[in-house]
Structure formats: C-alpha cells, structure tokens
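[1] following is a predicted model, sequence given first.
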Amino acid sequence: MNSWLPALAETLTRGQAAVLVTVVHTVGSTPREAGATMLVGAAASLGSIGGGQLEWLASGAARALLEVGGPPRLLRIALGPSLGQCCGGIVWLVIERIDPPEAAAWQARAASLAAGQALQRRIAEGDPASVWQAIAHPGGNKALLQVRGARWTFTQQIGADAFPVLIFGAGHVGTATVHALAPLGARITWVDGRDDIFPASLPPGVEAVATDTPTSEVRAAPPGSYFLVMTHSHTLDFSICEAIFERHDFAWFGLIGSASKRASFNRQFTARGLPPLRLADLTCPIGIAGIRSKHPAAIAASVAAQLLQIREARAAIRHAAHPGPDAPPLSSMPRPQ
C-alpha cells in the first residue's frame, strides 16, 4: 500500500516535482487513518486520503504548493456540513513539496523498502523538509502527531508491513486471487510447477516461482505467512498441506475445495497421526460466508476479504497487547488559512 513511494522516485527522476499529502492525525469518524498518503503531481495523483471534498481541498492546496513552493504545511479540516461531508470527524494533513534534486535519495528509500527495511520520517513546525532514515526492524506503518503549544512534530514509520502470502497454483482462481491481494499490500510468492503459466507482467510485490518442489517454498516462508493452496491436483494440494502442517508459526492456512474435500483430507491426516486439534488450523472451504458464486473473480474477492478480516483481527490483538502512545490534544491547532 506504499506504491506512492516508488512512484515518487520515478517522478523525481523525470525531473518533475511532486507533493506528498499525508494524514497525520484524525479525531472522530474520518474516511482514512493516520499515515494514509496521496502523491500529487502536476498532471495526476496517486493514492487517496479519503476522496470527496477533503481530497479536493487537499489536492488544491498541494497544487498551489507545487506551483509556488514553500515549506511544509499543516492543515486542519473538519468534515462537517460546511464542507459537504457528513463524516463529522476532523483530519490533520501535512503537505510537503519534494523536488527533483532529491531523486537519488528517494530511489534509495524505495530500494530499502523493497528490501524489507522500514523508513522513519520526522518533520516539525519550521523544518524545510522531512528527515528520513532507513531502519532494519520493520514493524508496519505508524504515525503520531504531537503538539506543544503552537509547535507540532510528526513522526511516521513506513514499513513493508508483514503480510507475506504464498499462493500455490496459477490457474484461473490463483491468478484472480493474486490480482485481488496485490493492491492490498500483500507480498506474494506465487508458486506453480509450470513455468509457462505465469503472465509476462506481474503486479508490484508479486514474485513468481516455478518449481517442482513447492514444499521447499513452504519451509522457506517467513513466520506469520498466509498460505493459500489451490493447485490443479488434489495429490499436490495434500502434499503442500502436509508441509504446512509441519509448521506452527503461520498466520493462516486455506485450501480451496468443498466440504467433501475437507472431510477427505481430514480422514487422511488423521490416519497419518495428525492431532485432531491441528485440523482446525486448516480453513476449507475458503472465503467469507454468503458468497455462493464460483466465478474466479468472486472467489478471489471473497478470499481477499477473509484474509483482510484475519489480518485486522491479528493487528487488533497485537495493539491490545502493546498499545502505542496517544497523541496530545490538538484543540489548540490553528485552522488552515
């Protein structure tokens, strides 16, 4: 979900300036969370901070900064009737112009993120630009706005958020699932034994692996991985599932198929001595309840929604165990001019 970052590096390399618009704090009901980022260029924008009048106003402020230049700005926008939005919350934005001489630095930052590192950003009232640094211990995306009197400081962490997904099978459903999950920030390893089945062009964040030993990809996957098994062969599905059951550190494990396929696999795993409690680690059939369509795109949408639910639930558990600091009250912040 950080596609704006390599796009910014590419824009700067072409000799064009751009403006980063970042949600730095929210109160009440708002369309996007702190850390959401939109990249605004002279002719187009990438990403979204929530749409509607909020995004229209932010885009106008960004293009004004793009034309006349100037230091970063903090904007406070109330999403009430006067704005034509009914969310009712308040959004604080930082808009910052980035110029072409910084192209090499942004190329390096994009490479660091692609390599699994995280980026830390800090900017304060009066600073000419954000200070960025790469860190070796990614922990997902975080954002915090702090206010001391009239002075504000914003810190942010942008990470290759831990969402590793391994998809076994490059048939119609596998292909649709890859395209459904790739825009959601998943780092996908797409595995199949047929090297000529993968498309020539892959979405960002997707690595295609053609191998006759898919179980080796199971064993090499990082802890916290999400496994989706949907090959063309029940025998191959079973061997991949068996390798996954050897692990105890995955986030989720799904197998495409019917309830009868699930029952058949349960019997085979039980006969091989797998404890009954471990069988509950396998989800089959896959997808959220209520979607009966078997169209590949419908299955993919259902599975993507299921993985998002699981990921959100896991994140909520982590946050409850390790809550982050609350930002100080922002009632003293000036309204945008």
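    Thanks, I have the structure now.

[2] what are the pairing partners of the worst-scoring helix or strand of the chain on mean pLDDT, and which direction each?
    For the chain, scoring each helix and strand by mean pLDDT, DSSP states H and E identifies strand 142-148 as the least confident one, at a mean of 85. For strand 142-148, the paired strands and their directions (DSSP bridges) are strand 151-158 (antiparallel).

[3] helices of the stretch 1-150 of the chain, residue ranges please.
    4-13, 52-68, 103-114 (DSSP state H, counting those that start in this stretch).

[4] same list (those helices) but as JSON lines, adding mean neighbour count, mean pLDDT and distance to residue 121.
    C-beta: built from backbone N, CA, C; applies to glycine. As requested, the helices of the stretch 1-150 of the chain are arranged in JSON lines below (neighbours: other CB atoms under 10 Å; pLDDT from 0 to 100; distance: least, CB to CB, whole Å):
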{"stretch": "helix 4-13", "mean neighbour count": "19", "mean pLDDT": "90", "distance to residue 121": "11"}
{"stretch": "helix 52-68", "mean neighbour count": "17", "mean pLDDT": "92", "distance to residue 121": "17"}
{"stretch": "helix 103-114", "mean neighbour count": "17", "mean pLDDT": "89", "distance to residue 121": "10"}
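
[5] these: which one's closest to residue 28?
    Between residue 28 and the helices of the stretch 1-150 of the chain, the shortest separation by CB to CB is 13.1 Å, and it involves helix 52-68.

[6] chain center to the closest one: distance?
    Relative to the mean C-alpha coordinate of its chain, helix 52-68 is positioned 25 Å out (CA atoms, centre = their mean, to the nearest Å).

[7] got it, and stretch 114-126?
    In terms of CA atoms, centre = their mean, the centre of stretch 114-126 is found 16 Å from the chain centre.

[8] what's the end-to-end length of it?
    Its first and final residues considered, stretch 114-126 spans 31 Å by CA to CA, to the nearest Å.

[9] buried ones in that stretch?
    Residues 117, 118, 119, 120, 121, 123, 125 are the ones in stretch 114-126 that count as buried (16 or more other CB atoms under 10 Å).

[10] skipping adjacent residues, who's closest to residue 134 in space?
    Nearest in space to residue 134, with sequence neighbours left out and distances taken as CB to CB, 6 or more residues apart in numbering, is residue 112 at 4.2 Å.

[11] how is the chain carved up into domains?
    The chain breaks down into these domains under automatic domain parsing: 4-158, 164-318.

[12] out of the ones you listed, which gets the lowest mean score?
    Out of those, the stretch the model trusts least by mean pLDDT is domain 4-158, with a mean of 88.

[13] would you pull up how far it lies from the middle of the chain?
    Taking CA atoms, centre = their mean, the mean C-alpha location of domain 4-158 is offset from the chain mean by 16 Å.

[14] what helices and strands are in contact with the lengthiest helix in the chain?
    Within the chain, and with DSSP state H defining each element, the longest helix by residue count is helix 296-321. Contact analysis of helix 296-321 by 3 or more CB pairs under 8 Å, 6 or more residues apart in numbering; DSSP states H and E lists helix 172-181, strand 226-229, strand 252-255 as its packing neighbours.

[15] in CSV: the ones you listed, plus mean neighbour count and distance to residue 292.
    Conversion of the helices and strands packed on helix 296-321 to CSV gives the following (neighbours: other CB atoms under 10 Å; distance: least, CB to CB, whole Å):
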stretch, mean neighbour count, distance to residue 292
helix 172-181, 22, 15
strand 226-229, 26, 20
strand 252-255, 22, 18
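
[16] quick one: closest of these to residue 213.
    If we rank the helices and strands packed on helix 296-321 by CB to CB, the stretch that ends up nearest is strand 226-229, at 15.0 Å.

[17] phi, psi of residue 270?
    Backbone dihedrals for residue 270, given as degrees, to the nearest 10, come out at phi -60, psi -40.

[18] for it, give its distance to residue 217.
    From residue 270 over to residue 217 the distance is 26 Å, taken as CB to CB, to the nearest Å.

[19] one step back: which positions in the least confident helix or strand of the chain come out as buried?
    Applying a neighbour-count criterion of 16+ other CB under 10 Å, one finds 143, 144, 145, 146, 147 buried in strand 142-148.

[20] need the max-distance pair from those.
    Within the buried residues of strand 142-148 (distances taken as CB to CB), the two that end up farthest apart are 143 and 147, at 14.1 Å.

[21] export only the CA atoms of the least confident helix or strand of the chain, formatted as CSV.
    As requested, the backbone C-alpha atoms of strand 142-148 are provided in CSV (Å, rounded to 0.1, in the frame of the first residue of the first chain):
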residue,chain,number,x,y,z
LYS,A,142,2.7,4.0,12.3
ALA,A,143,2.0,7.7,12.6
LEU,A,144,2.0,10.1,15.5
LEU,A,145,1.4,13.9,15.6
GLN,A,146,2.5,15.7,18.8
VAL,A,147,1.7,19.3,19.7
ARG,A,148,3.4,21.5,22.2
